[in-house]
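Peer 1: Got a sequence here, can you build the structure:
(one chain, ligands or ions: 1)
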Amino acid sequence: MTGKSHVAAAAVLSWVAFQNPFICAAAICAAKLPDQMESFIPGVKHRGPTHVLIFWFFAAAVLGSGLFIPGVPALSLGGMDVEFHSILFGIALGGLLHVCLDYLSVSGIPVFPGKSRPHAAARWYKTGHFSEYLVLGLIILLSAVVLFVSDEAAIERVRKYLTDSGFFAYFS
Ligand SMILES: [Zn+2]
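Peer 2: Next up is the predicted model:
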């Protein structure tokens, strides 16, 4: 998946899942992290150690545990309450989403560390091709649907609109 698709997918998926601006912003910033780390570490091959699914899964699980500890304080920074535990989790989430999305591609990702297999690939799309944008479009569309059906006020607005416009009366 190209960098901008990773950013777009991280934005919508992290928002739909958590609806927390700190998590969402951090996930967007970390959306390209596994690829960026490759350029910092010499001798690392593309989609090698920085793309190991289990690493990112553990990072997200460990850093995400802070979200479930009651009373973790938000630190005041320049008059704003900043949830650092949410930001840390968001970074790990951004990396996890990145490797999950790379998993959907033809070239796939390593699930466990080490040179040998298993190497997993769902083969839904080829990076940079039309198929990538189809997958991205599907992710955005499904996210919009999930957001809509989880928003009772939005559903009520549509129901009221259809009632007021005589749509339901027409069929009864
Ligand atoms: Zn990647």
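Peer 1: Contact residues of this structure facing the ion?
Peer 2: 34-35, 102 (CB under 5 Å from the ion). The C-beta positions use only the backbone N, C-alpha and C, and glycine is treated the same way.
Peer 1: run the last query once more with 6 Å
Peer 2: 34-35, 47, 51, 98, 102 (CB under 6 Å from the ion).
Peer 1: From those, which land in helices?
Peer 2: Among these, DSSP state H puts 34-35, 98, 102 in helices.
Peer 1: Tell me which two in the residues you listed are the farthest apart.
Peer 2: Asp35 and Asp102 (8.8 Å; CB to CB).
Peer 1: who has more neighbours, these two?
Peer 2: Asp102 (22 against 18; other CB atoms under 10 Å).
Peer 1: So for stretch 13-30, what gets flagged as buried?
Peer 2: For stretch 13-30, a neighbour-count test (16 or more other CB atoms under 10 Å) marks 13-16, 18, 20, 22-28, 30 as buried.
Peer 1: Kindly reformat these as a markdown table containing secondary structure and pLDDT.
Peer 2: Shown next, in a markdown table, are the buried residues of stretch 13-30 (DSSP: H, G, I helix; E, B strand; the rest coil; pLDDT from 0 to 100):
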| residue | secondary structure | pLDDT |
| --- | --- | --- |
| Leu13 | helix | 97 |
| Ser14 | helix | 97 |
| Trp15 | helix | 96 |
| Val16 | helix | 96 |
| Phe18 | helix | 94 |
| Asn20 | coil | 93 |
| Phe22 | helix | 94 |
| Ile23 | helix | 96 |
| Cys24 | helix | 97 |
| Ala25 | helix | 97 |
| Ala26 | helix | 98 |
| Ala27 | helix | 98 |
| Ile28 | helix | 98 |
| Ala30 | coil | 98 |
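Peer 1: how many other residues sit next to Leu138?
Peer 2: Neighbour tally, Leu138, other CB under 10 Å: 12.
Peer 1: And the buried residues of stretch 13-30, which is closest to Tyr125?
Peer 2: Among the buried residues of stretch 13-30, and counting by CB to CB, the member closest to Tyr125 is Leu13, at 15.8 Å.
Peer 1: so that closest one touches Leu142, yeah?
Peer 2: No. Counting by CB atoms under 8 Å, Leu13 stays clear of Leu142, with 9.5 Å between them.
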